[in-house]
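1. Show me the folded form of this:
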Amino acid sequence: MHPIEQFAFEFNVQQDYFECHEVLEELWQAGQRQDESLVALIQLAVARYHHRRGNLAGAMRTYPKAFQKIERHAGSLAGHGIDVVHLLGLRPAFMQPDYQHIPLPLAKDLQRRIQQVPVDVQHDPSFLRHKHVLRDRQDVISARQLALAARNKK
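-> Down below sits the predicted model:
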């Protein structure tokens, strides 16, 4: 499955925003660093994760950054199968203080493809809210430390 399809599946079906972040960060780290549209989707997933966990301050700081990038990269996101016009229209709903699941608006073709993906695991809502503290991310942490050390040597 393409990473954008995986992102849409995790966002809309599994509602696993942490996994959304992981899927696209891996693509971004693997050479797509120039694609800021990926950053827009990553930030949207991060904001949703914060929002659901009750970190309203973190969510409300991150949503505007995500939506600015979504506006700036509307063409690229539309090319990935995101219904950007509808998504931008949902901005006020995303910014409501009480969390509610809001599916990512998708083009019909992408929507059809993710609906065909079998759901293997239904996660406990508590697991989804606190996934970052329940998962071993040492490989990601190590990669970030190596990248920081490399940048500092320049």
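2. mind listing the helices for this structure?
-> 3-9, 17-29, 36-53, 56-72, 74-80, 84-89, 91-94, 108-115, 125-129, 131-134, 138-153 (DSSP state H).
3. who does the second one touch, helix- and strand-wise?
-> Taking 3 or more CB pairs under 8 Å, 6 or more residues apart in numbering; DSSP states H and E as contact, the helices and strands that helix 17-29 lies on are helix 3-9, helix 36-53, helix 131-134. All C-beta spots, glycine's among them, are computed from the backbone N, C-alpha and C.
4. State the mean pLDDT of it.
-> Mean pLDDT, computed over helix 17-29, is 84.
5. Sort out which residues of that helix are buried, please.
-> 17, 18, 19, 20, 21, 22, 23, 24, 25, 27, 28 (16 or more other CB atoms under 10 Å).
6. The closest residue to the fifth one other than its chain neighbours: neighbour count?
-> Across the structure, with CB to CB, 6 or more residues apart in numbering as the measure, the residue nearest residue 21 apart from its sequence neighbours is residue 45 (4.8 Å). Neighbour count for residue 45, taken as other CB atoms under 10 Å: 26.
7. Residue 53 now?
-> 18.
8. any idea how far it lies from residue 39?
-> 21 Å (CB to CB, to the nearest Å).
9. quick one: buried residues of stretch 61-75?
-> For stretch 61-75, by 16+ other CB under 10 Å, it's 62, 63, 66, 67, 69, 70, 73, 74.
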